[in-house]
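# Pasted the sequence and its predicted model underneath.
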Amino acid sequence: MVICGLSYVDLKDGNVIGRFWGFLLHETNCSEAYAWRHLSSVRKLAYIIGLNVSGFKSVCGYRTRDKCIALYLNGFRNKMMVSYYEGWWIFTHDKSQKIFIDLVRVHEQYGAGYTDYLFAAIKKHIDKHRPETRLSKRRAVNDFLRIVTSNFLNLGELHCLQQPDVLNDFLEHAHKIELNSVKEKEHCEEAFDRAWTAMMLVVNEIFIDEGVFPIQSYRPAFENYKNLVDGDILEEKNRKEIFGLISNIPNSIPDEEAANELYRRINSDLSGVVEACERAREQILRNFRQRQDAAKRALDTTKYSLASDDERKYMDLCRLWGENPYATTDDYDFENLYKVQKSFAYEKLGLLDSSTLLPFIYLIISEVPAVTKSWFLGHVLTDKHGQNFGFSAEAGTAEGKKPRRGPANEQQIISFTAKATQYMNEIYELTSEARAYLTSIGDPASKYTLLTTPTGVTRPTNLKRISGMGSEKNKKSLLANEISQQFKKRGEEVLKRVTLKAMRKTSAVIVYFETSSVHAMSEALGHKNFDSKLLDKYLPASIRNFYLGKWVRLFQSGIIFESLKNSDYLLDAMAIDTLDELNEFIKNHRLKPLPPQMNLKNWMPVNERLETDSSLTGIIPISPDLCTLFLAIVSAVRTGSIEVNNIPEKFSSWFQAATYVSHAVELYHSGELEIVSQEVADIFSRAELNTRLAAKISGMLVEELAA
């Protein structure tokens, strides 16, 4: 009414509904089916505003679309209002991305002229950035404009910000108000701090550098959020967790036992999600293949004749859909073609929708953490000539882009595991129907790997966004139901945590637990180069701090060992009280158990030796410190009257090595053996028995055997 300058009296004209249909077709970019839904809604509510729709069927329709467009264009229309309702969009050069800048309140409060001036400045700056960066800039711009329009109600008030000191005072005041709001709502202060910093960067880059506001007389100082030292206080305040894993990560890990328990919990949670994904995957594939099979059986007269009435109806529906998928979205035409309503067809056929591929995507990321959301959403199967290049099942590789790496390094080839390759093939199987339809109508979306439909029966397109399992649209999905059943009481909590990023981080953290290597974790994540700062986003601080502390403690033990190696108080200084601690220390000094070929029986007469390849050799690292330890172990076993067969299995190799070396040196000195070097013999000969060390080891052995 505003655009066409109509009054309520004009609504009695039977052609007004036709003009509205023409407006929807000409001025909006929605599909005809979506425009028709709007028109139908207006028709149902026409009596409220007195709109004449008595001739609706003759005036509106697909056959009269051109007539209705002409009816709209030939009448009065306010082009300024059309421009206002169109909004403020920034398009990329290839039209592949469009970004909406919310200037509605700016237009209402400051007028069209100032809005156009401001939009030109914003567009000029945002056009310089890559698509991913543009989105973050857009968010910061919209947030800042929300704050400005809330405080300055007209253009006269806004002119106050042309004074540098007033601009600074306003920014500092706005920061306090926004921060207090965050605290009242118990939102994450750290996240707010990051968002505010990003917004201030945009203020300087766009509003100040482009001349909208004056150069500041000084940079305002904002209060920064700092983590509290005591982790328990954070938990009591219910601080929102920024570092997202499927499992909840404690703020600190006190000891090895707690670290092992955390690893088991993370592994268990990830395995639980994977199991739920596998069950959902199997059911989705079963439904799809059952539909394909039913469509074939409908053409087999023998099988069709043997089927029950319900089975025939299902087979007919599968056949009709298979022959002509996505034919129409009009309710009447759909029911006329498929003999059922759209909702029934969607539920009965298990058609492709926004949640169908989720189990497969999560499973691939659990197998290959190098795959990211942006890589997956942008992954294409074919090039512009229709040639396959994005995925090779034979080679087990997939080629895609990680835009954040920059144009020079964004192309990435990822090696897939056998399971990941299978899941990828299944994605192509499930999207084959939609892909064939898009190819037949020449839609370029057919090249993308991930396809979807809003309602299962509407026109398919490429998947542009993947929400977490806690989102409203995914909560009722098959996968969400499987996850809830898997975790029972914890189901709702886990659903909120399961996202693609959380799945990727969790898989990477497990790699770190199993390898204790940040380099291995970085490689699993597909990072081009190792970057400790980048890795901080994936490895929780509590886990990294614990393992860093562990390596520091081992290093300190090594220093103590070297400085007190000849002292009776060596073990006390190293705080070694149990055999496990002693074993860990020796293990970290790289002494490995003897290979079977180096059994003492090989020193027996020839007819009593083990049958073995004489060319095999074993190497034992020798140092004065280890020789002292060898002598102490042998003495502890003998003085404690411990039988060799009763020595705990995990320590018997050390006794074997000690006996082996001492016996080899004795044979060398007697001239019976020549394979021991003089250096080794001298080292062993200089080693002296440390009685205190031997007594402590003997006591620990006796205690272990008595346990």
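Perfect, thanks for sending it. Note that the structure is predicted; figures quoted are calculated from it, not measured.
# Secondary structure element for the spatially most central residue of the chain, which one?
In the chain, the centroid-proximal residue (Cα atoms, centre = their mean) is K501; its distance is 1.6 Å. Using DSSP states H and E, K501 sits in helix 500-515.
# Check which residues of that helix are buried.
For helix 500-515, the buried set under the neighbour-count rule, 16 or more other Cβ atoms under 10 Å, comprises 500-513. Glycine gets a C-beta too; all of them are placed from N, C-alpha and C.
# coming back round to it: could you measure the residue nearest to the centre of the chain against L363, distance?
From K501 across to L363, the span is 16 Å (Cβ to Cβ, to the nearest Å).
# Same question for E210.
From E210 to L363 the distance is 47 Å (Cβ to Cβ).
# Dump stretch 390-398 to CSV, keeping only the CA atoms.
Output of stretch 390-398 as CSV, limited to C-alpha atoms (Å, rounded to 0.1, in the frame of the first residue of the first chain):
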residue,chain,number,x,y,z
GLY,A,390,37.1,-33.0,-5.9
PHE,A,391,37.1,-36.6,-4.6
SER,A,392,38.9,-39.8,-5.6
ALA,A,393,37.6,-42.9,-3.9
GLU,A,394,40.4,-45.0,-5.5
ALA,A,395,43.2,-42.7,-4.1
GLY,A,396,41.3,-41.9,-0.9
THR,A,397,41.9,-38.2,-1.3
ALA,A,398,39.6,-35.1,-1.5
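# export the buried residues of helix 500-515 to a markdown table and tack on pLDDT and distance to L179?
Output for the buried residues of helix 500-515, formatted as a markdown table (pLDDT from 0 to 100; distance: Cβ to Cβ, whole Å):
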| residue | pLDDT | distance to L179 |
| --- | --- | --- |
| L500 | 89 | 31 |
| K501 | 87 | 26 |
| A502 | 88 | 28 |
| M503 | 89 | 33 |
| R504 | 88 | 32 |
| K505 | 86 | 28 |
| T506 | 87 | 32 |
| S507 | 86 | 36 |
| A508 | 84 | 33 |
| V509 | 83 | 32 |
| I510 | 84 | 37 |
| V511 | 82 | 38 |
| Y512 | 75 | 35 |
| F513 | 74 | 37 |
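# Just checking, which helix or strand of the chain averages the lowest pLDDT?
When the helices and strands of the chain are scored by mean pLDDT, DSSP states H and E, helix 231-236 comes last with a mean of 36.
# Alpha carbons of the helix holding K501, as CSV, please.
Only the C-alpha atoms of helix 500-515 are listed here, as CSV (Å, rounded to 0.1, in the frame of the first residue of the first chain):
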residue,chain,number,x,y,z
LEU,A,500,31.5,-29.7,13.8
LYS,A,501,34.1,-27.6,15.6
ALA,A,502,33.7,-29.6,18.8
MET,A,503,34.0,-32.9,17.0
ARG,A,504,37.1,-31.7,15.3
LYS,A,505,38.7,-30.4,18.5
THR,A,506,37.8,-33.5,20.4
SER,A,507,39.4,-35.8,17.8
ALA,A,508,42.5,-33.7,17.8
VAL,A,509,42.8,-33.7,21.6
ILE,A,510,42.6,-37.5,21.6
VAL,A,511,45.6,-37.5,19.2
TYR,A,512,47.5,-35.3,21.7
PHE,A,513,46.6,-37.7,24.6
GLU,A,514,47.8,-40.7,22.6
THR,A,515,51.0,-39.1,21.2
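# which other residues reach that helix?
With contact meaning Cβ atoms under 8 Å, 6 or more residues apart in numbering, helix 500-515 is reached by 243-247, 263, 266-267, 269-270, 273, 361-362, 365-366, 369, 371-373, 376, 466, 468, 518, 520-521, 524-525, 538-540, 543, 547.
# Pull out the buried residues from the next helix or strand after it.
Proceeding N to C from helix 500-515, the next assigned helix or strand is helix 518-524, under DSSP H and E. Residues of helix 518-524 classed as buried: V518, M521, S522, E523, A524 (neighbour count, 16+ other Cβ under 10 Å).
# which one of the residues you listed is nearest F56?
F56 has its nearest neighbour among the buried residues of helix 518-524 in A524, at 61.0 Å by Cβ to Cβ.
# Please, where are all the helices along the stretch 101-250 of the chain?
104-110, 112-126, 131-151, 155-158, 164-184, 189-202, 231-236 (DSSP state H, counting those that start in this stretch).
# For P460, find the nearest of those.
Proximity to P460, assessed across the helices of the stretch 101-250 of the chain by Cβ to Cβ, is greatest for helix 131-151 (22.8 Å).
# Helix 189-202 and that closest one, what's the angle between them?
Orientation of helix 131-151 against helix 189-202 (axes from the mean of the first three to the mean of the last three Cα atoms, to 10 degrees) gives an angle of 90 degrees.
# Could I get the average pLDDT for helix 131-151?
Averaged across helix 131-151, pLDDT comes to 83.
# Buried residues of it, list them for me.
By neighbour count on 16+ other Cβ under 10 Å, the buried set for helix 131-151 is R134, K137, R138, A140, V141, D143, F144, L145, I147, V148, T149.
# Mind telling me the two of those farthest from one another?
Longest span within the buried residues of helix 131-151, Cβ to Cβ: R134 and T149, 21.9 Å.
# any idea whether A398 is helix, strand or coil?
strand (DSSP: H, G, I helix; E, B strand; the rest coil).
# Show me which helix runs longest in the protein.
Counting residues, the longest helix in the chain under DSSP state H turns out to be helix 256-297.
# Who are the packing partners of that helix?
For helix 256-297, the elements it packs on are helix 309-323, helix 358-367, helix 418-430, helix 478-487, helix 491-497, helix 500-515, helix 541-563, judged by 3 or more Cβ pairs under 8 Å, 6 or more residues apart in numbering; DSSP states H and E.
# Just put the ones you listed in TSV and tack on distance to S40.
Conversion of the helices and strands packed on helix 256-297 to TSV gives the following (distance: least, Cβ to Cβ, whole Å):
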stretch	distance to S40
helix 309-323	24
helix 358-367	32
helix 418-430	32
helix 478-487	31
helix 491-497	36
helix 500-515	37
helix 541-563	55
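# Highest mean neighbour count out of the ones you listed?
Highest mean neighbour count of the helices and strands packed on helix 256-297: helix 358-367, a mean of 25 (counted as mean count of other Cβ atoms under 10 Å).
# export the helix or strand following that helix as CSV, just CAs?
Sequence order places helix 373-377 as the next helix or strand after helix 358-367, per DSSP H and E. Extracted C-alpha coordinates of helix 373-377, given in CSV (Å, rounded to 0.1, in the frame of the first residue of the first chain):
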residue,chain,number,x,y,z
LYS,A,373,33.3,-26.8,8.2
SER,A,374,34.3,-24.2,5.5
TRP,A,375,36.2,-26.9,3.6
PHE,A,376,33.2,-29.1,3.6
LEU,A,377,30.6,-26.4,2.7
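# So for helix 373-377, mean pLDDT?
For helix 373-377, the mean per-residue pLDDT is 87.
# Please state the offset of that helix from the chain centre?
10 Å (Cα atoms, centre = their mean, to the nearest Å).
# From the contact counts, what lies against that helix?
Using 3+ Cβ pairs under 8 Å, 6+ apart, helix 373-377 sits against strand 397-401, helix 500-515.
# now these as a markdown table including distance to W21?
Formatted as a markdown table, these follow (distance: least, Cβ to Cβ, whole Å):
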| stretch | distance to W21 |
| --- | --- |
| strand 397-401 | 42 |
| helix 500-515 | 41 |
